[in-house]
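In: Here's a sequence, model it:
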Amino acid sequence: MAAMIGHQDAEKAFLEAWQGGRIHHAWLLAGPQGMGKGAFAERVARFLVTHGRSGEGEAIPLDDRGDDAAARLVDAGNHPETLRLARQPKDKSKDLARNITIEQIRQMIRRLHLSLSLGEWRVIIVDAVDDLETDGANALLKTLEEPPAKTLFLLVSHSPGRLLPTIRSRCRTLRFQPVARDAMTTWLHELRPMIEMDELRAIVAASGGVPGKALALIDSDVAVMEKKLMAIATSGDPENRLREALAREVGGTSNRARLELVIDIVPGLLSRIARERPIAEIAPILAQWDRVQRTVRDAIRGSYDGAMVGFEIGNCLAELAPRPERAAR
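Out: Residues are numbered from 1 along each chain as shown. The predicted model follows:
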């Protein structure tokens, strides 16, 4: 199986347009973050600058190397006809700016006035177009309304509904949908064959069909965190020790990734508990899931205290512990 997953429909749509000589000037790559939309944009850019004119019905895979000299420039990151716009580091720090700025768009527009120096296509990747500040979005729109010849725009969007409707209307949309569980499980098993299948299935369930999130969950050691959460749900944590440890582990800005991991794991964990309990006990489990969702929503609206969110999620799980009277039946 290919290293990329979830790109099949997008590949087919683009290659059909290329083979038919009718490439739209702007493509909106829309879908959840972590679907590999940026990687797909890079593959399309590489294909165009190494192949040039349309294939006239010729069936060529998207990852075909094409012209070797152009491919070497792409490999080195030096091809003159590919331009990438993304948020840049602030000052000398590693933190990224909040937006893609109007000045970045203006620099891109100045590039568009220059003649092509190599090949037959110029490709502009904006990753992500959601990050454009208002003036930048308006400037990009004007360029999309009057696009230069032989210039392709690839706009990556995690939230296409937030874009200017006029930008969306100028683009052909390629939608990247979450991957089915069976396909994701097979793909991950081929990538990481040493992971136990039970753990792999838990990762797939927590990922929501998003490959990038699944890989992040693997790197976050989801099995260890899942055991900690399950310990709270089975014991009830009567002395609060497990919940306090969880709060410390996910509290603070440096532990944000661990908190997001917990939030990702909990739905699958509650689903597993529900399958193991009698039907009469399903309602309390659903009530705790609603409580978890409210906790996360309130935290996002407020100051997002990770320790508080972690402890409250622990409280929800502790409520599901078997009670003595229940065990005696």
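In: Can you pull the poorly scored residue ranges out of the protein?
Out: By pLDDT under 70, the weakly predicted segments of the chain are 1-3, 53-58, 92-94, 300-304, 323-329.
In: Can you show me the strands along it?
Out: 26-30, 82-85, 122-127, 151-157, 172-175 (DSSP state E).
In: can you put those strands in JSON lines and add distance to Gly268 and mean neighbour count?
Out: The C-beta positions use only the backbone N, C-alpha and C, and glycine is treated the same way. JSON lines is the format used below for those (distance: least, C-beta to C-beta, whole Å; neighbours: other C-beta atoms under 10 Å):
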{"stretch": "strand 26-30", "distance to Gly268": "26", "mean neighbour count": "24"}
{"stretch": "strand 82-85", "distance to Gly268": "36", "mean neighbour count": "20"}
{"stretch": "strand 122-127", "distance to Gly268": "30", "mean neighbour count": "24"}
{"stretch": "strand 151-157", "distance to Gly268": "27", "mean neighbour count": "24"}
{"stretch": "strand 172-175", "distance to Gly268": "25", "mean neighbour count": "16"}
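In: Make a markdown table from those and add distance to Val222 to it.
Out: As requested, these are arranged in a markdown table below (distance: least, C-beta to C-beta, whole Å):
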| stretch | distance to Val222 |
| --- | --- |
| strand 26-30 | 28 |
| strand 82-85 | 32 |
| strand 122-127 | 27 |
| strand 151-157 | 27 |
| strand 172-175 | 28 |
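In: what's the domain layout of the protein?
Out: Domain ranges of the chain: 8-175, 220-327, per automatic domain parsing.
In: Need these in a markdown table (columns: distance to Ile203).
Out: Shown next, in a markdown table, are the domains of the chain (distance: least, C-beta to C-beta, whole Å):
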| stretch | distance to Ile203 |
| --- | --- |
| domain 8-175 | 13 |
| domain 220-327 | 5 |
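In: closest one to Val210 among those?
Out: Among those, the nearest to Val210 by C-beta to C-beta is domain 8-175 (4.1 Å).
In: how far is the closest one from where the chain is centred?
Out: Taking C-alpha atoms, centre = their mean, to the nearest Å, one finds the center of domain 8-175 at 18 Å from the center of the full chain.
In: Quote the end-to-end distance of it.
Out: Criterion C-alpha to C-alpha, to the nearest Å; first-to-last residue distance in domain 8-175 is 11 Å.
In: And for stretch 293-312?
Out: End-to-end for stretch 293-312, by C-alpha to C-alpha: 11 Å.
In: And that stretch, what's buried?
Out: 295-296, 299, 306-312 (16 or more other C-beta atoms under 10 Å).
In: Run through who's touching that stretch.
Out: 243-244, 246-253, 255-256, 259, 262-263, 291-292, 313, 316 (C-beta atoms under 8 Å, 6 or more residues apart in numbering).
In: switch to 7 Å and redo it
Out: 243, 246-248, 250-252, 255-256, 259, 262-263, 313 (C-beta atoms under 7 Å, 6 or more residues apart in numbering).
In: And the furthest pair within the buried residues of stretch 293-312?
Out: Every pair of the buried residues of stretch 293-312 checked by C-beta to C-beta; the farthest is Val296 and Ala307, at 14.0 Å.
In: What's the separation between the nearest residue to Ser235 once chain neighbours are set aside and Arg243?
Out: Leaving aside its sequence neighbours, Ser235 sits nearest to Ala321 (C-beta to C-beta, 6 or more residues apart in numbering; 6.0 Å). Ala321 is 12 Å from Arg243, where distance means C-beta to C-beta, to the nearest Å.
In: Sweet, I'm off.
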